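S.K.: Sequence first, then the predicted structure, then my questions.
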Amino acid sequence: MLENVKISSRQLLIFVIIQTIGDSILVLPAITSYETKQDAWIVAVISVGVGSLVVFLYSSLSKLYPELSLIEYSEKIFGKWLGITIALLFVIYTFIICTLYLREVGVFMTTQILPETPIQAILILTMIVVLFASRLGFEPLIRSSDLLFPYVILLLLPLIIFLLPEFKFANIQPVFEGGFKPIIRGSFTFIAFPFLELVEILMILPYVNEKETIGKSLYIGALLGGLVLIIITSVTNLVFGADLISRQVYPSFILAKNVNVEDFFRELKRRLPLYG
């Protein structure tokens with residue numbers, strides 16, 4: 001255990017929020033809308049509720065073994081060989097997930113922002129940043145999350161506010177048209193992406209200063225991150241409709257490009273005659 005690494009409960013909360021949002025904000029609205037059409041927002045609400053049970057499991061493990069990481073108490077719980085096997089599977093899982101994230105960054109950048117740039121260049125630059133972060137350790141990484149968090153909020157709030165005139169509530173009707181089966185299928189993905197992937201947070205919980213507030217930070221962080229995903233999923237459906245979203249790979253990015261500040265103030269002036 002790295003004795004000199006110290007993380008505050010506030011830093012943990014912010015890191016959990018950002019970790020929960022992650023790449024889910026890009027891909028989840030499309031996946032969920034493909035399965036459940038206009039009921040995607042219902043899936044989002046249900047999944048965040050179920051995801052809180054997953055967070056409860058993480059919190060319980062942290063209380064039982066406050067000074068140990070996931071790999072360390074796997075051997076303590078399951079014995080030497082089974083514990084080593086579980087730890088090895090966790091390392092392999094983390095490697096695969098990181099590889100997928102790296103590929104996703106490359107595909108997103110080369111298809112949406114820098115189409116003429118070779119994907120290899122994006123991957124190499126991203127890996128350089130990852131290597132620097134790995135060399136410095138996860139304490140600077142968590143501090144960088146703390147530093148960048150206000151910018152995340154500053155980008156999300158205008159996105160939602162400026163799209164208010166574009167909301168079409170007919171896009172989320174009728175409710176439960178396909179029944180409960182599509183909602184259950186869609187919930188699996190919505191739970192897996194933001195909440196099951198949070199299992200990696202168990203590796204840093206032993207380094208949190210205020211052990212008694214870990215559970216609170218996990219719950220609030222996961223719920224706030226889940227709330228962002230609920231809002232983004234709902235807004236994409238309200239603006240575009242499920243059929244259009246399900247044909248997009250990154251609907252939230254398309255949503256951001258659809259923001260028109262001039263149209264927002266024109267609509268505001270039309271609806272508020274006293275304005276201006």
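M.R.: Structure received.
S.K.: buried sites along whichever strand or helix holds residue 20?
M.R.: Under the criterion of DSSP states H and E, residue 20 resides in helix 9-21. Of the residues in helix 9-21, those with enough neighbours to count as buried (16 or more other Cβ atoms under 10 Å) are 9, 11, 12, 13, 14, 15, 16, 17, 18, 19, 20, 21. Heads up, the C-betas are built off the backbone N, CA and C, glycines and all.
S.K.: Please, where are all the helices along the stretch 1-150 of the chain?
M.R.: 9-21, 24-36, 40-64, 70-78, 80-108, 119-136, 138-162 (DSSP state H, counting those that start in this stretch).
S.K.: want to throw those into TSV with mean pLDDT and distance to residue 214?
M.R.: Shown next, in TSV, are these (pLDDT from 0 to 100; distance: least, Cβ to Cβ, whole Å):
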stretch	mean pLDDT	distance to residue 214
helix 9-21	92	7
helix 24-36	89	23
helix 40-64	92	5
helix 70-78	88	14
helix 80-108	91	20
helix 119-136	90	23
helix 138-162	86	14
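S.K.: Could you give the number of residues near residue 169?
M.R.: Other residues within reach of residue 169 by the criterion other Cβ atoms under 10 Å amount to 8.
S.K.: how far away is it from residue 234?
M.R.: 11 Å (Cβ to Cβ, to the nearest Å).
S.K.: Check residue 147 too.
M.R.: 29 Å.
S.K.: Between these two, which is the more surrounded one?
M.R.: More neighbours sit around residue 234 than around the other of residue 147 and residue 234, counting by other Cβ under 10 Å; the figures are 20 against 11.
S.K.: now the angle from the host helix or strand of the more buried one to helix 40-64?
M.R.: When elements are defined using DSSP H and E, residue 234 is found to belong to helix 214-240. On the basis of axes from the mean of the first three to the mean of the last three Cα atoms, to 10 degrees, helix 214-240 is oriented at 170 degrees to helix 40-64.
S.K.: for helix 214-240, packing partners?
M.R.: helix 9-21, helix 24-36, helix 40-64, helix 138-162, helix 251-257 (3 or more Cβ pairs under 8 Å, 6 or more residues apart in numbering; DSSP states H and E).
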